[in-house]
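Chemist: What shape does this take:
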Amino acid sequence: MTTGRQPSASGSTIPPLADRMRPLDLSELLGQEHLTAPGKLIYQAMAVDRLPSLILWGPPGSGKTTLARIIAARTAQRFEALSAVLDGVREVRAVVERAKAAQPQGTILFVDEIHRFNRAQQDAFLPFVEQGTIILIGATTENPSFALNGALLSRCRVAVLNPLNADTIRRLLERAVEDAERGLGGLHLHLEAGILPAIADLADGDARYALNLLEVLTGLYRAEIAAGQPLTLEGLRQALERRALLHDRVGEAHYNLISALHKSLRGSDVDAALYWLARMVQGGEDGLYIARRLIRFASEDIGNADPQALTIALAAKESYHFLGSPEGELALAQAVVYLATAPKSNSVYTAFGRATECAASSGSLAPPLHIRNAPTRLMRELGYGKDYRYPHDHEEGYVAEEYLPEPLRGTRFYQPVERGFEREIARRLAYWQRLKSRARS
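Modeler: Numbers count the residues shown, from 1 in each chain. Model (predicted):
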């Protein structure tokens, strides 16, 4: 199994920064104090070295494996580890045999990514967990209610690890920058203001990603760091930049013509749109490529001002696909005429753009508990679906409810225009807003 370690100048291997900075004690593990603080589940269980079988459920980089390593270092019991990616039932049985031979000393078995074991493989744990031959600690990024057998889940405590917030990740990065023994302190880094918060935001709750990114930056700008120059936000941007593919200049006319068609449609000039369509057809352009662009245009530039536009564009694509050239070209022309003369709105396009930017900048905000699905007892005990109100049970088929995460409440992405069918959509939105305001007054 590869470790990702890189050779040092002396020829030895140096563990990655994220591995070197892995907390060695509960006091160093940030962001999971609801489990690790004095009096809490993990702290108390470790204090008396009597751990129950546990499922550690949390997102990547939240500390599941780290927590298992801390337990391994502190327990007087035997500790063994398996990976559900690499190991199977044979390895599980071998661990069990060693655990039996070591009794009365207990054995803790840590299984990373336990959700990757199938149902039959998970069943292999059941009798030995139930008999106490092993204490199972499984780590998973998946919802245990769906990823694990009910019988196995009922024999384990579920410990939910939270995604790390940006402030916590920033503190971990600062620790790495300052730590001369395990971190980057020996480099005497100079940092432009804001670079660590920027990395923390990019990490989206994943401490491992943040530390890896910081290490990549120090590698890319090793010469500049040695010269005393700071790591900058511009350097971070350049390190993350993805180069856009350039079009072949031999095909410039191809892109010029499709651009002319698109802009003529947007400008509601039906004659120009038909002309550019004819130019493309005469030039041997693939009719399905034209159809795909018409479908895109129907959503981007017409949207809900005329919802029928998307249906017309899709029908033109199917017609061309069925008839081929030249018969199918008339269907493309029919769609072009309809799209050019339809009312225009890019409200859906811009609304989705705003929503996408918000989703990227706000991180992995969880849905409010009351609108989460709760098909299992564990999820109901955690508050999933509690107090959800079914709109059809209320007058007007509407209930004044909050569906966005708390930090985003009140945000509006979609702003319909007063053209075409979007005028009706705007009327409906205003009506529901009045109902919501009335319910809150």
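
Chemist: Spit out the contact partners of the closest residue to residue 117 other than its chain neighbours.
Modeler: Excluding the flanking residues, the one nearest residue 117 by CB to CB, 6 or more residues apart in numbering is residue 84, at 4.7 Å. C-beta here means a position set from N, CA and C on the backbone, and glycine is covered the same way. Going by CB atoms under 8 Å, 6 or more residues apart in numbering, residue 84 touches 111, 112, 113, 114, 115, 116, 117, 121.

Chemist: Would you format those as JSON lines with pLDDT included?
Modeler: Output for the contacts of residue 84, formatted as JSON lines (pLDDT from 0 to 100):
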{"residue": "111", "pLDDT": "94"}
{"residue": "112", "pLDDT": "93"}
{"residue": "113", "pLDDT": "92"}
{"residue": "114", "pLDDT": "94"}
{"residue": "115", "pLDDT": "92"}
{"residue": "116", "pLDDT": "90"}
{"residue": "117", "pLDDT": "90"}
{"residue": "121", "pLDDT": "86"}
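
Chemist: Which ones among the residues you listed map onto helices?
Modeler: residue 121 (DSSP state H).

Chemist: Could you check how far residue 271 is from residue 333?
Modeler: Distance of residue 271 to residue 333, computed by CB to CB, to the nearest Å: 12 Å.

Chemist: More neighbours: these two, which one.
Modeler: With neighbours defined as other CB atoms under 10 Å, residue 271 and residue 333 compare such that residue 333 has more, 16 against 10.

Chemist: in a helix, that's where that one is, yeah?
Modeler: Yes. Applying DSSP: H, G, I helix; E, B strand; the rest coil, one finds residue 333 inside a helix.

Chemist: Find me the pLDDT at residue 3, would you?
Modeler: pLDDT recorded at residue 3 is 32.

Chemist: Identify the residue nearest the geometric centre of the protein.
Modeler: For the chain, residue 364 is the residue whose C-alpha lies nearest the centre (CA atoms, centre = their mean; 6.5 Å).

Chemist: which residues touch the residue nearest to residue 123 when sequence neighbours are not counted?
Modeler: If the residues on either side of it in the chain are set aside, residue 123 comes closest to residue 149, at 6.6 Å by CB to CB, 6+ apart. Taking CB under 8 Å, 6+ apart, we find residue 149 in contact with 119, 122, 123, 126.

Chemist: Give me the buried subset of these.
Modeler: Among the contacts of residue 149, those buried by neighbour count (16 or more other CB atoms under 10 Å) are residue 122.

Chemist: Tabulate the contacts of residue 149 in TSV, adding columns for secondary structure and distance to residue 427.
Modeler: TSV is the format used below for those (DSSP: H, G, I helix; E, B strand; the rest coil; distance: CB to CB, whole Å):
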residue	secondary structure	distance to residue 427
119	helix	52
122	helix	54
123	helix	57
126	helix	59
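
Chemist: List just the nearest of the contacts of residue 149 to residue 141.
Modeler: Ranked by distance to residue 141 (CB to CB), the contacts of residue 149 are led by residue 122 at 16.2 Å.

Chemist: Torsion angles phi and psi at the residue lying closest to that closest one once chain neighbours are set aside?
Modeler: Counting by CB to CB, 6+ apart, residue 122 lies nearest to residue 149, which is 4.7 Å off, once chain neighbours are set aside. Per-residue torsions, residue 149: phi -60, psi 140 (degrees, to the nearest 10).

Chemist: got it, and residue 349?
Modeler: phi -60, psi -50.

Chemist: And the helix or strand containing residue 67, what's buried?
Modeler: Using DSSP states H and E, residue 67 falls within helix 64-74. For helix 64-74, a neighbour-count test (16+ other CB under 10 Å) marks 64, 65, 66, 67, 68, 69, 70, 71, 72 as buried.

Chemist: which one of the residues you listed sits closest to residue 226?
Modeler: Nearest member of the buried residues of helix 64-74 to residue 226, counting by CB to CB, is residue 66, at 31.5 Å.

Chemist: and the gap between the closest one and residue 84?
Modeler: Counting by CB to CB - residue 66 and residue 84 are separated by 18 Å.

Chemist: go on, residue 409?
Modeler: For residue 409 relative to residue 84 (CB to CB), the value is 39 Å.

Chemist: Same check on residue 226?
Modeler: Distance from residue 226 to residue 84, by CB to CB: 43 Å.

Chemist: just residue 97 next, same as before
Modeler: In terms of CB to CB, residue 97 sits 19 Å off from residue 84.

Chemist: ditto for residue 334
Modeler: 55 Å.

Chemist: Equivalent analysis for residue 198, please.
Modeler: 34 Å.

Chemist: With residue 14 instead?
Modeler: 28 Å.

Chemist: ditto for residue 411
Modeler: Taken as CB to CB, the span from residue 411 to residue 84 is 39 Å.

Chemist: Flag every buried residue along the helix or strand harbouring residue 339.
Modeler: Here residue 339 sits within helix 329-341, counting by DSSP H and E. Residues of helix 329-341 classed as buried under the neighbour-count rule (16+ other CB under 10 Å) are 329, 331, 332, 333, 335, 336, 337, 338, 339, 340.

Chemist: Pull the residues that contact that helix.
Modeler: Helix 329-341 is touched from outside by 261, 264-265, 268-270, 273-274, 277, 281, 287, 290-291, 294, 297-298, 302, 309, 312-313, 315-316, 319-320, 323, with contacts defined as CB under 8 Å, 6+ apart.

Chemist: ok, now stretch 170-177?
Modeler: Here stretch 170-177 has contacts from 17, 21, 30, 164, 182-185, 189, 191, 196-197, 199-200, 207, 210-211, 214, using CB under 8 Å, 6+ apart.

Chemist: Looks to me like residue 258 is in a helix.
Modeler: Yes. Using three-state DSSP, the secondary structure at residue 258 is a helix.

Chemist: Would you mind stating the distance between the closest residue to it other than its chain neighbours and residue 374?
Modeler: Leaving aside its chain neighbours, residue 258 sits nearest to residue 293 (5.9 Å; criterion: CB to CB, 6+ apart). Computed as CB to CB, the residue 293 to residue 374 distance reads 44 Å.

Chemist: Residue 429 now?
Modeler: On the measure of CB to CB, residue 429 and residue 374 end up 29 Å apart.
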